[in-house]
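J.: Below is the structure, and that's it, no one-letter string:
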Ligand code: 6PG
């Protein structure tokens, strides 16, 4: 028994995580279902090889670890996690712990946490963000499970996590599925952030005739301002890249059909279940789905034609677009944090809202300069980022640009669903008299569902139509 922690699953993410843990001085027992991968992995580990204990079987892994054992699973989310747990469970002692580090659906984490409780074993569900590079050199880690279980492995998780100003980006979010839920919302925001950037790219390309490399220059400039973020940084890099085969801009040869593994969709689904509005995230998920309908799009263009898409130069101005993107981004984060607050109440997690913003400041895909201010804002204004300074002022300042960009893009026939829904969200939240009185009247007319009045107390009031039309 001489390893500090076990790790099952030596795919890209698992391998990178194992190297990171070893690099931080811990001994790792490693196992993979296809066992040839184990020796291959250790052979490729260079000077870190001595930190690994090969475990050909799960029993070998058990023997390599001192109880209470901690074993990380880094296998594809879903059935593979359950089958690994089922294989491990009979070999484990009371108090041993399984840590699921994949992108699990938090409902499954809730179930697995409950099942573990019944066996006397511990279970942690941790969301790990940052792709392969993050896993190797410092991811952002969002933990969920019993606090004492987290505390047991916190020294390892904090050692391997990204560092923001001396603070590790590895935080316990709450019990059972809290960590995986926070990771899911991270991904929902990731989808929205990416879609907003893609829409500005579309305006630059189709609205202003900019080349990919001109777009790269603009993203690079944005990355020095309020939009500074990993996603803007890599957008500049991908826009700059050339296809080695054709010499064309890489972006120009990539099919405009977006893939997805599902976490963005889960965010939209969970938000719907909780009645929490996240329209920008929903628009981003819908945009990915629509992008996949390539045949329909090509038939659509053939039958209906498409508008020129070209914008007056001042409407495709990079400063104006930057401001529009700032507004869209803040509104989408406000929605994400509102969803977290609602889920926290529903699932009894007491999510530490400012710490969520803090854990996203480094290591993860949505890391950005804005998140540090978001952490402070959420400390002073836990209700919503929408009302918290400096974001309140930033929204007020940038909304006119968002409005201009949306109006011009839509007039030119350029789809900007995420920006448009951010704007509609703002316009809805800043108009005390909305139009749902019409919905309520309709509901009452056809189903006697009742309404409230603006001038009297009481619920379940009805309109004059009920008796009349039921008699007709
Ligand atoms: C991260 C990412 C990652 C995600 C991929 C692919 O935080 O490191 O969110 O976990 O799985 O980016 O996601 P999609 O295939 O759904 O785009």
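T.: It's in. Small disclaimer: the values here were computed from a predicted structure and weren't measured. Residues are numbered from 1 along each chain as shown.
J.: Which parts of the strand or helix carrying residue 21 count as buried, going by neighbours?
T.: Under the criterion of DSSP states H and E, residue 21 resides in helix 12-23. Using 16 or more other CB atoms under 10 Å as the test for burial, helix 12-23 gives 13, 14, 15, 16, 17, 18, 19, 20, 21, 22, 23. In this view, the C-beta of every residue, glycine as well, is placed from N, C-alpha and C.
J.: Residues in contact with that helix: which ones?
T.: When contacts are defined by CB atoms under 8 Å, 6 or more residues apart in numbering, helix 12-23 is touched by residues 5, 7-8, 10, 28, 30, 32, 41, 45, 48, 51-52, 72, 74-75, 101-102, 128, 132-133, 135-139, 156, 159-160.
J.: May I see the PyMOL selection of the buried members of those?
T.: The following PyMOL line selects those of the contacts of helix 12-23 that are buried, judged by 16+ other CB under 10 Å:
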select buried, resi 5+7+8+10+28+30+32+41+45+48+51+52+72+74+75+101+102+128+135+136+138+139+156+159+160
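J.: In strands, which of the contacts of helix 12-23 appear?
T.: Counting by DSSP state E, the part of the contacts of helix 12-23 found in strands is 5, 7, 8, 28, 30, 52, 72, 128.
J.: Could you report the neighbour count for residue 469?
T.: 11 (other CB atoms under 10 Å).
J.: pLDDT (mean, whole number) over the host helix or strand of it?
T.: Using DSSP H and E, residue 469 sits in helix 465-471. Averaged across helix 465-471, pLDDT comes to 75.
J.: What is that helix packed up against?
T.: Judged by 3 or more CB pairs under 8 Å, 6 or more residues apart in numbering; DSSP states H and E, helix 465-471 is in contact with helix 436-447.
J.: So which residue is smack in the middle of the protein?
T.: residue 187 (1.3 Å; CA atoms, centre = their mean).
J.: where does residue 285 fall, helix, sheet strand or coil?
T.: Recorded secondary structure, residue 285: helix (DSSP: H, G, I helix; E, B strand; the rest coil).
J.: Could you check the pLDDT of it?
T.: So residue 285 comes in at 98 (pLDDT).
J.: Tell me how far it lies from residue 342.
T.: 18 Å (CB to CB, to the nearest Å).
J.: who has more neighbours, those two?
T.: residue 285 (24 against 17).
J.: residues from the stretch 251-400 of the chain in reach of the ligand?
T.: 259, 260, 261, 263, 264, 364, 365 (CB under 6 Å from any ligand atom).
J.: Quick one: residues contacting residue 225.
T.: residue 322.
J.: Can you classify it as helix, strand or coil?
T.: Per three-state DSSP, residue 225 ends up coil.
J.: Quick check, pLDDT for it.
T.: Predicted confidence (pLDDT) for residue 225: 97.
J.: Show me which helix runs longest in the protein.
T.: helix 318-346 (DSSP state H).
J.: which strands and helices sit next to the helix or strand following that helix?
T.: Downstream of helix 318-346, the next assigned helix or strand under DSSP H and E is helix 353-359. Other elements packing on helix 353-359 under the criterion 3+ CB pairs under 8 Å, 6+ apart are strand 140-145, strand 170-174, helix 318-346, helix 370-380.
J.: Which stretches in the stretch 201-350 of the chain count as helices?
T.: In the stretch 201-350 of the chain, the helices defined using DSSP state H, counting those that start in this stretch lie at 212-222, 230-240, 250-253, 263-274, 279-291, 294-304, 318-346.
J.: Distance from the chain centre to the last one, please.
T.: Its chain's average C-alpha position is 12 Å from that of helix 318-346, according to CA atoms, centre = their mean, to the nearest Å.
J.: One more: stretch 69-85?
T.: 21 Å.
J.: and it, does that touch the ligand?
T.: No. Using CB under 6 Å from any ligand atom, stretch 69-85 stays clear of the ligand, with a minimum separation of 9.1 Å.
J.: same deal with stretch 191-211?
T.: No. Counting by CB under 6 Å from any ligand atom, the ligand has no neighbours in stretch 191-211; the shortest distance is 7.0 Å.
J.: what's the span of that stretch, first residue to last?
T.: Start-to-end span of stretch 191-211 (CA to CA, to the nearest Å) is 24 Å.
J.: For the ligand, what's its nearest residue on the stretch 51-200 of the chain.
T.: residue 129 (3.1 Å; CB to the nearest ligand atom).
J.: same check, this time on the stretch 301-450 of the chain
T.: Closest point on the stretch 301-450 of the chain to the ligand, by CB to the nearest ligand atom, is residue 365, at 4.3 Å.
J.: quick one: secondary structure of that residue?
T.: Residue 365 ends up coil, using three-state DSSP.
J.: Kindly provide the distance from residue 331 to residue 465.
T.: Counting by CB to CB, the gap from residue 331 to residue 465 is 38 Å.
J.: Between the two, which is the more surrounded one?
T.: residue 331 (30 against 13).
J.: Double-check that one against residue 392; I have them as touching.
T.: No. Residue 331 lies out of contact with residue 392 (CB atoms under 8 Å); the separation is 11.8 Å.
J.: Name the residues contacting each of these two.
T.: In contact with both residue 331 and residue 392: residue 386, using CB under 8 Å, 6+ apart.
J.: residues near residue 288, how many?
T.: 19.
J.: for it, what are its contacts?
T.: Per CB under 8 Å, 6+ apart, neighbours of residue 288: 191, 195, 258, 259, 260, 264.
J.: Thank you, goodbye.
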